[in-house]
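> next comes the sequence, and after it the predicted model I'd like to discuss.
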Amino acid sequence: MANDELIRDFFLKMKAGDQRIPTPEFPEVKTGGFNWWIPLGIAATLLLGGFFLMNEPVPEPPADLIIISLQENENQEQQLIIEEKAFIDTWESTTSSLLTDF
Amino acid sequence: MQHSKLEHLLKTHHREAFLWARQCCYFDDELAKDVLQQCYLKILEGKAKLQHPEKIKSWLFSIIRFTAIDELRKLGKTESLEENYDPIILEDELDQRNYEGIIQRLPLRQREVILAVFYHNLTIEEAAETLQITLGTARTHYDRGKKKLKELILKSETLNQHG
């Protein structure tokens, strides 16, 4: 206990001496908080991207069929006619002539 | 806890927090101010959360201590944690009125426990929480610190009487 008294007395004097130490002002702490510019930026980019995508002309779908036929013209010359169509009216098997000719 | 309430609690303990920061920074006022600023930032940004408001003092002291350790490490000011580490005492420096000088003669852990208990009126349990050590270890540092401090006080008194 005597030990404690000696120590307590030491700290009482130390605290009294520390009274001269000025307390610094409570610092102005500026917390970052949530940065609303980030989600706003993302939303604006998405909107802008969507706007340009909507206005872009839709390309015509490619034709499903390419019909190549050999026809005679008015000069009795053979010529290749290439047609692009999405459908076919008639279809003849390329080997059907074999069945009729032989 | 609400930001404003937390800030109010910090303001209530500001003076004591500064003195503890100073003691953790080898009584360097400027470093203590920097450490304290960093601690408040950690707390108000939610990086350090107060779970039990009734333990605010030991919680705050703990944050200050760890932040001070980090800062001192950056500055290359580290101290041996060896229990038997005994700094050389120059008799000229043992002025009876140089309380800070006398306190600094204690090994680090003993100094921290003794300051927490006798200067800041924490219990040994609270000091253990602040230092993140077991109660048994805190008691050991407390007993050894008291014994060593008594020797230092008596030695400084003797030197002053004869000097």
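Looks like it arrived, so ask away.
> when you work out contacts or count neighbours from here on, use the C-alpha atoms and nothing else.
Will do.
> can you give me the strands for chain B?
Secondary structure of chain B (DSSP state E): no strands located.
> I'd like the average pLDDT over stretch B:21-31.
Across stretch B:21-31, pLDDT averages out at 94.
> pull the residues that contact it.
Contacts to stretch B:21-31, defined as CA atoms under 8 Å, 6 or more residues apart in numbering or on different chains, come from residues B:32-33, B:35-36, B:61, B:64-65, B:68-69, B:72, B:100, B:104, B:112.
> distance from it to the middle of the chain?
9 Å (CA atoms, centre = their mean, to the nearest Å).
> buried ones in that stretch, by neighbour count?
B:21-27, B:29, B:31 (16 or more other CA atoms under 10 Å in any protein chain shown).
> in chain B, which segments are predicted with low confidence?
B:1, B:79-96, B:163 (pLDDT under 70).
> 80 - rerun?
Along chain B, segments meeting pLDDT under 80 span B:1-3, B:77-97, B:159-163.
> which two in the contacts of stretch B:21-31 are spaced the farthest apart?
B:36 and B:104 (20.8 Å; CA to CA).
> next step: the contacts of stretch B:21-31 restricted to helices.
Of the positions in the contacts of stretch B:21-31, B:32-33, B:35-36, B:61, B:64-65, B:68-69, B:72, B:100, B:112 sit in helices, assigned by DSSP state H.
> circling back to that earlier point, buried subset of the contacts of stretch B:21-31, written for ChimeraX?
Restricted to buried positions by 16+ other CA under 10 Å, the ChimeraX selection for the contacts of stretch B:21-31 reads:
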select /B:32,33,35,36,61,64,65,68,69,72,112
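> out of the contacts of stretch B:21-31, who's near chain A?
B:33, B:100 (CA under 8 Å from any CA of the partner chain).
> could I get the average pLDDT for the longest helix anywhere in chain A?
Longest helix in chain A by number of residues, with DSSP H as the criterion: helix A:37-55. Regarding helix A:37-55, the rounded mean pLDDT is 86.
> thinking again about what came up before, of all the buried residues of stretch B:21-31, which comes closest to residue B:117?
Nearest to residue B:117 among these, with distances taken as CA to CA, is residue B:23, at 13.2 Å.
> related to what we said a few turns ago, among the buried residues of stretch B:21-31, which one sits closest to chain A?
residue B:29 (9.2 Å; CA to the nearest CA).
> please report the distance of that closest one from residue A:89.
Look at residue B:29 and residue A:89: by CA to CA, to the nearest Å, they are 95 Å apart.
> mind listing the helices for chain A?
Residue ranges of the helices in chain A, as given by DSSP H, are A:2-18, A:37-55, A:96-101.
> deepest of those, which one?
Comparing the helices of chain A by mean neighbour count (mean count of other CA atoms under 10 Å in any protein chain shown), helix A:2-18 comes out on top with a mean of 14.
> contact partners of it?
B:99-100, B:118-119, B:146-147, B:149-150, B:153.
> who wins on neighbours among these?
residue B:149 (24 neighbours; other CA atoms under 10 Å in any protein chain shown).
> what is the neighbour count of the nearest residue to it once chain neighbours are set aside?
Leaving aside its chain neighbours, residue B:149 sits nearest to residue B:106 (7.0 Å; criterion: CA to CA, 6 or more residues apart in numbering or on different chains). Residues lying near residue B:106 (other CA under 10 Å) number 21.
> also residue B:115?
Neighbours of residue B:115 using other CA under 10 Å come to 21.
> distance of it relative to residue B:73?
With CA to CA as the criterion, residue B:115 and residue B:73 are 21 Å apart.
> also residue B:160?
On the measure of CA to CA, residue B:160 and residue B:73 end up 35 Å apart.
> next one: residue B:11
Residue B:11 is 28 Å from residue B:73, by CA to CA.
> picking that back up, next step: the buried residues of stretch B:21-31 restricted to helices.
Filtering the buried residues of stretch B:21-31 for helices - DSSP H - leaves B:21-24, B:29, B:31.
> nearest to residue A:64, of these?
residue B:31 (78.2 Å).
> related to what we said a few turns ago, between the buried residues of stretch B:21-31, which sits nearest residue A:73?
residue B:31 (100.0 Å).
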